[in-house]
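Trainee: kindly return the folded structure for what I paste below:
(one chain, ligands or ions: 1)
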Amino acid sequence: MASDTLLDSPLPIVAAPMAGGPTTIALAAAVASVGGFPFLAGGYKTPDALAAEIGQVRALGVPFGVNLFVPAQDQPDETAFSVYAAELRSEADAYGLQLDAVPVADDDRWAEKVELLIADPVPVVSLTFGLPDPTAIAALRRAGSRVLATVTTPEEAVAARNCGVDGLFVQGPDAGGHSATFAPTRTPEPIKTAELVRRVRAAVDLPVIAAGGVDGPEAVRRLLDADAQAVAVGTLLLRTDEAGTSPTHKAALADPAFGETVITRAFTGRPAHALRNGFIDRHQQAAPVAYPAVHHLTRALRQAAGKAGDADRLHLWAGTGYRNAPTGPAADVIRRLAEEA
Ligand SMILES: Cc1cc2nc3c(=O)[nH]c(=O)nc-3n(C[C@H](O)[C@H](O)[C@H](O)COP(=O)(O)O)c2cc1C
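Mentor: The predicted model follows:
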């Protein structure tokens, strides 16, 4: 086992970062209160909002991490994007919305967020959606943070090691939300997270946090047995009292009408694991590889669907463990997951 300890929490259970609402300060506090390790979700936020959250969690006096989105390198295929925008017009009509058919590029204010974390270092920084210039990783490490890259294959793990990270967040395809894959053209191949962790550990001697498909304490045990140092959960926290998940999303996770999860690019242009709904069925085929352009294209539609309680048009991110996602305090979820740790 790689000897470096990545996280200073009493329990080897991590609240995975969940941007777009679910991760809140209350969730981080609840997780940390019972010895879990919380992540803040830096994605989509302004640098000021992220700085404010860091201040609030730091005031709790607990170890924590911050997750950032690494900007995409590729330009979207404008023709495929325009065809998709035209296809989505009928969905937008349902809310009297006009979707903006010009692809929006943005880098999630990456450089400003890195600057913020260098000026005001946090214990752990995790990166997703690829690898940045290694100088950014070196600068974050010099500032005093442990830097983790999120990887989905042994090849990505090798590339991350070669960029100088301290450890890996290994995300299996059973994970809810966006795949961290470095190649969004690729639909993640089915593999259990424990097997993926074994393959990554065989390829690279870096400490690993395992994520994806955790549905209870036995799954935690399996991942620790596969030589993960800690196990991260997202989906199992989505319905808890402290999570900022939208009420429509929370309800859908418990609704027997949603019988399966699928990996789709339909909502954002990058593969993501979600409850299968009508929007996915209607648009799965045509959705181009174009993140964040498709994320921006569908955003107003998704906001309207959320407000209207229309789960059929909402991105209902979920991992395969969703049927075991409980309501109640997040602290109970963490405590229960640690039972077999
Ligand atoms: C609603 C939601 C939002 C997510 N947002 C992020 C994110 O901002 N950054 C990130 O690295 N991973 C994100 N993920 C993935 C999680 O960090 C984690 O890999 C995943 O939830 C673990 O699998 P599980 O959902 O089966 O527990 C998100 C997952 C969900 C369900």
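Trainee: what comes into contact with the one helix or strand Ala252 maps to?
Mentor: Assigned by DSSP states H and E, Ala252 belongs to helix 247-253. By Cβ atoms under 8 Å, 6 or more residues apart in numbering, the residues outside helix 247-253 that reach it are 235, 238-239, 243, 258, 275, 277, 305-306, 309-311, 314, 316-318, 322, 325, 327. To be clear about C-beta, it is placed using only N, CA and C from the backbone, and glycine gets the same treatment.
Trainee: in it, what's buried?
Mentor: With burial defined by 16 or more other Cβ atoms under 10 Å, the residues of helix 247-253 counted as buried are 248-250, 252-253.
Trainee: so who does the closest residue to Phe169 other than its chain neighbours touch?
Mentor: Using Cβ to Cβ, 6 or more residues apart in numbering and skipping the chain neighbours, the partner closest in space to Phe169 is Thr150 (4.1 Å). When contacts are counted by Cβ under 8 Å, 6+ apart, Thr150 touches 126-129, 168-171, 180.
Trainee: check Ser3 and give its pLDDT.
Mentor: At Ser3, the model reports a pLDDT of 46.
Trainee: the longest helix in the chain is where?
Mentor: The helix that spans the most residues within the chain, counting by DSSP state H, is helix 293-308.
Trainee: need the residues of the stretch 51-200 of the chain near the ligand, please.
Mentor: 67, 128, 150, 171, 174-178, 180 (Cβ under 6 Å from any ligand atom).
Trainee: can you list the domains in the chain?
Mentor: Following automatic domain parsing, one gets these domains for the chain: 1-72+107-242+325-341, 74-106+259-315.
Trainee: hey, which of those is tucked in deepest?
Mentor: Across the domains of the chain, averaging neighbours per residue (mean count of other Cβ atoms under 10 Å) puts domain 1-72+107-242+325-341 on top, at a mean of 21.
Trainee: pull the distance from it to the chain's centre.
Mentor: Centre-to-centre, domain 1-72+107-242+325-341 and its host chain are 8 Å apart (Cα atoms, centre = their mean, to the nearest Å).
Trainee: name the helix or strand for Val262, please.
Mentor: In this structure, Val262 sits in strand 261-264 according to DSSP H and E.
Trainee: point out the other helices and strands that the following helix or strand past that strand packs with.
Mentor: The element immediately downstream of strand 261-264 (helix or strand, assigned by DSSP H and E) is strand 272-275. Helices and strands touching strand 272-275, as assessed by 3 or more Cβ pairs under 8 Å, 6 or more residues apart in numbering; DSSP states H and E, comprise strand 177-178, strand 261-264.
Trainee: what mean pLDDT does strand 272-275 have?
Mentor: Confidence over strand 272-275 (mean pLDDT, whole number) is 98.
Trainee: which residues are in contact with the next helix or strand after that strand?
Mentor: Downstream of strand 272-275, the first helix or strand assigned by DSSP H and E is helix 278-283. Under the contact criterion Cβ under 8 Å, 6+ apart, helix 278-283 has outside partners 84, 87-88, 91, 262, 264, 266-267, 274, 312-314.
Trainee: nearest to the ligand among the contacts of Thr150?
Mentor: Thr128 (3.4 Å; Cβ to the nearest ligand atom).
Trainee: which residues does that closest one contact?
Mentor: Contacts of Thr128 (Cβ under 8 Å, 6+ apart): 17, 43, 67-70, 150, 169, 178, 180.
Trainee: just say helix, strand or coil for Phe39.
Mentor: Secondary structure for Phe39, judged by DSSP: H, G, I helix; E, B strand; the rest coil, is strand.
Trainee: could you check how far it is from Ala232?
Mentor: According to Cβ to Cβ, to the nearest Å, Phe39 and Ala232 sit 8 Å apart.
Trainee: same question, Ile25
Mentor: Here the distance between Ile25 and Ala232 works out to 18 Å (Cβ to Cβ).
Trainee: for Ala101, same thing?
Mentor: Ala101 is 37 Å from Ala232, by Cβ to Cβ.
Trainee: for stretch 189-208, C-alpha coordinates in CSV please.
Mentor: In CSV, the C-alpha atoms belonging to stretch 189-208 read as follows (Å, rounded to 0.1, in the frame of the first residue of the first chain):
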residue,chain,number,x,y,z
GLU,A,189,-16.9,0.9,-20.0
PRO,A,190,-18.7,-1.1,-17.3
ILE,A,191,-16.4,-2.2,-14.5
LYS,A,192,-16.9,-2.4,-10.8
THR,A,193,-15.1,0.2,-8.8
ALA,A,194,-13.2,-2.3,-6.7
GLU,A,195,-11.8,-4.0,-9.8
LEU,A,196,-10.9,-0.6,-11.3
VAL,A,197,-9.1,0.3,-8.0
ARG,A,198,-7.1,-2.9,-8.2
ARG,A,199,-6.1,-2.2,-11.8
VAL,A,200,-5.1,1.4,-10.9
ARG,A,201,-3.1,0.3,-7.9
ALA,A,202,-1.3,-2.3,-10.1
ALA,A,203,-0.3,0.5,-12.5
VAL,A,204,0.6,3.3,-10.1
ASP,A,205,1.9,3.5,-6.6
LEU,A,206,-0.2,6.4,-5.4
PRO,A,207,-2.8,6.4,-2.6
VAL,A,208,-6.4,6.1,-3.8
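Trainee: brilliant, that's me finished.
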